[in-house]
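> Requesting a structural model of the entry that follows:
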Amino acid sequence: MDLLSGYGSDNSDNEPNANQTSAPIPTASTILRLNANPSVSLAYQGSMNATSSPKNTSTSLVVAGAPTASSKLANADRYAYNPSAPLPGPTPAPVHSGTFKQTNWNTGSVGAAGVYEKVAYDGATFDFHYDQYNSTGKTEAPGGGGTITEGDGKLGIERHTAIKRPSVMNSAPIASGEEPPKKKKKKKNKGPYVATDDDLEGDDGQFGIFTKPSQKELDLMEDSMTSVQKGELQEFQLQNRDEIEEKEKAKAHQLDDDNDTSVDRMLERKLSHLLPPRMAPGAVAGPSSTTFHGSSVRDYQGRSWIHPPSGVRPSDDHKCYVPTRCAGTIKNAHSKGVHAVRFFPGTGHLLLSAGLDGVVKVWDVKRRKVMRTYKGHTAAVRDVAWNGDGTRFVSVSYDRWVRLWDTETGECIKTFTTRRVPYCCKFYPLDDNFFVVGQSDNRVVCYDVEKGTVCQEYNHHLAAVNTVTFTEDAKKMVTTSDDKKVMVWEWDIGVPVKYISEPDMHSMPAVAVHPDGEYMALQSMDNEIKVYAAKDRYQIIRKKAFKGHQAAGFACEISFAASGRYMVGGDGNGRLWVWDWDKGRVLTKFNAHRKGPTRGVEWSPVDPCLVA
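Below is the predicted model of the structure:
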């Protein structure tokens with residue numbers, strides 16, 4: 001009690017003016033009752049100076065206790081009297097300051113609303129209790145004086161007991177004791193609304209959107225219908241309609257053709273001045289013909305003319321020699337240049353030649369005589385390839401057609417096209433039903449002979465594909481292109497497994513695999529033959545390089561002897577070069593052709609020193 005008796009302050013700064021009536025100092029019970037908005041009696045108000053006000057109210061929480069009769073009853077029974085009951089007198093606005101310093105003040109002052117008590121109360125705590133009171137209607141009293149509930153008037157806030165303040169979870173005022181309304185779920189539209197008989201009843205149905213049309217409206221609708229809608233067309237109208245439909249179909253087909261032509265123009269824009277005219281969509285291959293130049297199609301034993309003669313068999317002894325002279329020349333073999341030559345697989349007794357005059361011929365190597373001529377291409381033939389047993393071969397031409405021929409009869413079995421210019425071709429070594437073609441649209445396509453369609457595409461090059469070569473027992477495929485890149489593919493998988501591209505690389509338009517299958521030689525456009533490994537990592541072998549010839553600007557082919565000891569290749573000056581494979585030096589060279597480059601080169605698979 002001694003401590004409570006010293007609760008008042010002796011500081012003269014906090015005392016009221018001399019003219020004012022001194023207010024009784026609140027007791028401990030009065031302090032515990034936090035009343036921030038009391039009423040003031042008229043008698044006490046009359047003795048107060050209007051100009052008096054508490055000091056430092058902007059930084060403190062003010063607790064006021066009115067010096068009325070209620071203060072006398074507080075000590076006896078503080079709960080018997082309701083301090084929130086209205087009394088005559090002014091009700092000052094609640095004193096609210098957002099910031100309070102944590103300072104203990106033991107002084108008090110008398111103001112218009114009673115005794116103002118300064119309490120150590122920080123801003124964060126005040127905001128917490130203020131928000132809690134607004135949201136729940138009750139909070140803890142300052143100083144631990146119990147709990148403040150709605151209607152007590154202890155925080156000086158005018159509130160209605162039936163209304164709760166909106167909170168974060170409840171944005172709208174809700175009556176006390178009521179649950180917040182539940183959100184209505186939107187009904188999903190399961191279909192268009194259909195009018196029923198109930199909708200058409202009454203005045204709303206008579207004037208609403210569901211009103212049944214009148215007979216006058218029905219008559220007007222019937223008069224506005226066309227004969228097509230009524231289904232009443234005469235014969236000449238039906239004929240005109242059919243003609244219009246045919247014209248529209250022809251116009252749509254023409255638009256498709258124009259689109260296809262635009263695609264062709266886009267793909268071949270860089271080489272359009274070098275390629276033949278574009279093929280019209282839906283074009284059909286021209287007729288083919290053949291001429292046999294031999295004495296008889298079958299010999300006295302009934303064997304076909306493509307059968308190897310007696311004594312000519314695949315040899316196991318691959319001992320080869322360096323050619324020393326030109327054994328013979330076939331003049332006027334084609335009316336134009338010869339672009340490629342291929343020996344018959346295994347025996348080499350026949351030679352297949354592709355001419356720039358659009359004609360393919362098969363020659364007897366021993367007698368140097370043409371045996372059969374195959375005609376059907378309308379432009380230069382770029383490449384030819386035998387199948388595994390030599391009974392068929394495929395030819396590709398600048399006329400954008402790929403033709404499959406029967407070697408013995410000369411019949412054109414099938415024709416294929418993708419409307420692109422084919423550059424090279426090769427049969428799949430493990431299955432003659434498939435062959436691949438490198439094209440001008442940067443792709444390699446694989447054809448199925450039986451179905452006559454494209455069964456696989458290899459599309460990763462950025463320029464025309466020049467060569468296709470099989471390695472690792474036909475498990476992988478190597479392609480070269482004008483984009484100066486070499487790509488290695490798994491068979492029948494359209495994604496390359498190896499991508500070879502170096503800043504110093506040039507285009508490599510000719511490739512040959514060494515007979516042992518370990519290496520492959522590539523004719524580079526920098527007058528050099530590069531050597532790469534033909535399996536595993538396919539890395540370049542920089543120690544092996546063959547130079548001396550001038551092949552830049554020409555796709556001069558290269559070939560290996562059956563023993564693998566020698567390599568032969570042509571150049572742009574018409575010469576034939578022979579290199580030693582192991583030592584990498586030039587062994588000999590011949591002036592093979594006087595006019596033009598030596599483009600196609602092939603070493604016989606049986607004859608030890610025969611090169612065509």
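
> Quick check: T469 vs A545, distance?
T469 sits at a distance of 19 Å from A545 (criterion: C-beta to C-beta, to the nearest Å). For glycine as for every other residue, the C-beta is placed from the backbone atoms N, C-alpha and C.

> Compare the two and say which is more crowded by neighbours.
Neighbour tally, T469 and A545, criterion other C-beta atoms under 10 Å: the higher count belongs to T469, 20 against 13.

> quick one, what contacts that one?
Taking C-beta atoms under 8 Å, 6 or more residues apart in numbering as the definition of contact, the neighbours of T469 are 426, 477-479, 511-513, 520.

> Which of these fall within strands?
Using DSSP state E to define strands, the subset of the contacts of T469 located there is 426, 477-479, 511-513, 520.

> isn't E490 right next to A474, touching?
No: no contact is recorded between E490 and A474 when judged using C-beta atoms under 8 Å, the distance being 11.0 Å.

> ranges for the strands of the stretch 251-400 of the chain?
Listed in chain order, the strands found in the stretch 251-400 of the chain under DSSP state E, counting those that start in this stretch are 289-292, 338-343, 350-355, 359-364, 369-375, 381-386, 392-397.

> before we move on, the earlier item: can I get the ones in strands among the contacts of T469 in TSV including pLDDT, distance to R342 and neighbour count?
Compiled in TSV, those are given as follows (pLDDT from 0 to 100; distance: C-beta to C-beta, whole Å; neighbours: other C-beta atoms under 10 Å):
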residue	pLDDT	distance to R342	neighbour count
K426	94	11	19
M477	93	19	25
V478	94	19	24
T479	94	19	24
V511	93	15	24
A512	93	13	23
V513	94	15	17
M520	93	18	23
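
> Under a three-state scheme, what state does D223 occupy?
helix (DSSP: H, G, I helix; E, B strand; the rest coil).

> State the distance from it to Q229.
Distance of D223 to Q229, given as C-beta to C-beta: 12 Å.

> quick revisit: closest to K589 among the contacts of T469?
Taking C-beta to C-beta as the measure, A512 is the one of those closest to K589, at 18.0 Å.

> what sits against that closest one?
Contacts of A512 by C-beta under 8 Å, 6+ apart are 469, 520-521, 557-560, 567.

> Of those residues, which is the most crowded?
Within these, most neighbours by other C-beta under 10 Å means A521, with 26 neighbours.

> who's that residue bridged to?
A512, V531 (DSSP bridges).

> State the distance from it to I529.
Spatial separation of A521 from I529 under the definition C-beta to C-beta is 5 Å.

> Mind listing the shared neighbours of those two?
Where contact means C-beta under 8 Å, 6+ apart, the residues bridging A521 and I529 through contact with each are 546, 558, 567.

> Among the residues you listed, name the ones in strands.
Using DSSP E, the members of the shared contacts of A521 and I529 that fall within strands are 546, 558, 567.

> can you list the residues you listed in a markdown table and add pLDDT and distance to T324?
As requested, those are exported to a markdown table (pLDDT from 0 to 100; distance: C-beta to C-beta, whole Å):
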| residue | pLDDT | distance to T324 |
| --- | --- | --- |
| F546 | 90 | 20 |
| I558 | 92 | 20 |
| M567 | 92 | 17 |
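
> Pick the one among these closest to L404.
Closest approach to L404 among these (C-beta to C-beta): I558, at 26.9 Å.

> List the beta-bridge partners for the nearest residue to that closest one once chain neighbours are set aside.
Spatial nearest neighbour of I558, excluding adjacent residues (C-beta to C-beta, 6 or more residues apart in numbering): G569 at 3.9 Å. Under the criterion DSSP bridges, G569 forms beta bridges with I558, W577.

> And G569, how far from S395?
When C-beta to C-beta is applied, the distance between G569 and S395 equals 23 Å.

> Looking at those two, which one has more neighbours?
Ranked by neighbour count (other C-beta under 10 Å), G569 and S395 place S395 first, with 26 against 23.

> for the closest residue to the more buried one other than its chain neighbours, what are its contacts?
Counting by C-beta to C-beta, 6+ apart, the nearest residue to S395 once its immediate chain neighbours are dropped is V384, at 4.8 Å. With contacts taken as C-beta under 8 Å, 6+ apart, V384 has the following neighbours: 340, 342, 352-354, 360, 393-396, 425.

> what's the distance between V384 and W491?
Between V384 and W491 the computed distance is 22 Å (C-beta to C-beta).

> hmm, back to that, and the pLDDT at the residue nearest to I558?
The confidence metric pLDDT takes the value 92 at G569.

> ok, so what distance separates it from W577?
For G569, the distance to W577 equals 5 Å [C-beta to C-beta].

> what touches both of those two?
Shared between the contact lists of G569 and W577 (criterion: C-beta under 8 Å, 6+ apart) are residues H549.

> Just to be sure, L238 is in a helix?
Yes: with three-state DSSP as the criterion, L238 is assigned to a helix.

> Name whatever forms a beta bridge with the residue lying closest to A385 once chain neighbours are set aside.
Of all residues beyond its chain neighbours, the one nearest A385 is C425 (4.8 Å), with distances taken as C-beta to C-beta, 6+ apart. Beta-bridge pairing of C425 under DSSP bridges involves V437.

> any idea how far F427 lies from D383?
Between F427 and D383 the distance is 12 Å, computed by C-beta to C-beta.

> Can you give me the neighbour number for D299?
Other residues within reach of D299 by the criterion other C-beta under 10 Å amount to 13.

> so who does it touch?
Residues touching D299, when contacts are defined by C-beta under 8 Å, 6+ apart, comprise 305, 307.

> Please repeat the previous calculation with a cut-off of 10 Å.
D299 makes contact with 305, 307, 309, according to C-beta atoms under 10 Å, 6 or more residues apart in numbering.

> P308 versus that one, what's the distance?
If you go by C-beta to C-beta, the gap between D299 and P308 works out to 12 Å.

> give me the number of residues near G282?
By the criterion of other C-beta under 10 Å, G282 has 10 neighbours.

> can you check V601 too?
Counted with other C-beta under 10 Å, the neighbours of V601 add up to 22.

> Am I right that it is in contact with G574?
No: because the distance of 11.9 Å does not satisfy C-beta atoms under 10 Å, V601 is recorded as not touching G574.

> circling back to that earlier point, would you turn the strands of the stretch 251-400 of the chain into JSON lines with distance to V495 and mean pLDDT?
Formatted as JSON lines, the entries for the strands of the stretch 251-400 of the chain read as follows, by distance: least, C-beta to C-beta, whole Å; pLDDT from 0 to 100:
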{"stretch": "strand 289-292", "distance to V495": "41", "mean pLDDT": "92"}
{"stretch": "strand 338-343", "distance to V495": "30", "mean pLDDT": "92"}
{"stretch": "strand 350-355", "distance to V495": "32", "mean pLDDT": "92"}
{"stretch": "strand 359-364", "distance to V495": "34", "mean pLDDT": "93"}
{"stretch": "strand 369-375", "distance to V495": "36", "mean pLDDT": "93"}
{"stretch": "strand 381-386", "distance to V495": "25", "mean pLDDT": "93"}
{"stretch": "strand 392-397", "distance to V495": "25", "mean pLDDT": "94"}
